[in-house]
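Student: Generate a structure from the sequence data that follows.
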Amino acid sequence: ERFGSIVLIDIDSFATVNTESGTNMGDLLLTCLSGVILTTIRNIDIAGRYRGEKFIVYLPETDLDGAGKLTRRIQKQLADIAESVAGYPLTFSCGLAQAPHHGTNLAELLPRLEEALAQAKAQGAGRMAAYGIQ
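Tutor: Numbering: from 1, shown residues only. Okay, the predicted model is just below:
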């Protein structure tokens, strides 16, 4: 059976970045995050901008543990790059779900990813939560 994990990434306090540092800095940091994602994932993985400051990453044949490890690498690299570019570390929160366990298509998985993301954000900045796991 084919399986994979999906990660929904949302930059923490992004409105504050745009307000305090300007939208040009916000755009630069979005570009930094997309660059970090694209240079960290494998050739078979798929990533894209979901909307606003949210990105989505599909990791075929990857369990939630593997997705968590990859996401932590992206978080660390983003914090380091943002520190050098903007002068402060940038964090993101994320929700994780696994197909087919949590759903077999994007319409089923997206609300579950959003729920996991909301759970992660409720814990504070830079957190991650998997759907259905407290």
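Student: Name the surrounding residues that touch the lowest-mean-pLDDT helix or strand in the chain.
Tutor: Each helix and strand of the chain was given a mean pLDDT (mean pLDDT, DSSP states H and E); the minimum falls on helix 14-21 at a mean of 91. Taking contacts as C-beta atoms under 8 Å, 6 or more residues apart in numbering, the residues outside helix 14-21 that touch it are 11, 25-26, 29, 52-53, 86, 90. For the C-beta atoms, the positions are set from N, CA and C on the backbone; glycine is no exception.
Student: same thing but 7 Å
Tutor: 25-26, 29, 53, 86 (C-beta atoms under 7 Å, 6 or more residues apart in numbering).
Student: after it, next one along is what?
Tutor: Using DSSP states H and E, the helix or strand that directly follows helix 14-21 along the chain is helix 23-40.
Student: Give me the buried positions along the least confident helix or strand of the chain.
Tutor: Neighbour counts over helix 14-21 (16 or more other C-beta atoms under 10 Å) mark 14, 17-18 as buried.
Student: tally of neighbours for residue 94?
Tutor: 28 (other C-beta atoms under 10 Å).
Student: I'd guess it is in a strand, am I close?
Tutor: Yes: using DSSP: H, G, I helix; E, B strand; the rest coil, the assignment for residue 94 is a strand.
Student: looking at it, it is touching residue 6, isn't it?
Tutor: No: Residue 94 lies out of contact with residue 6 (C-beta atoms under 7 Å); the separation is 10.1 Å.
Student: List the strands paired with the helix or strand encompassing residue 57, with their directions.
Tutor: Per DSSP H and E, residue 57 falls inside strand 54-60. As defined by DSSP bridges, the strand partners of strand 54-60 come to strand 4-11 (antiparallel), strand 46-51 (antiparallel).
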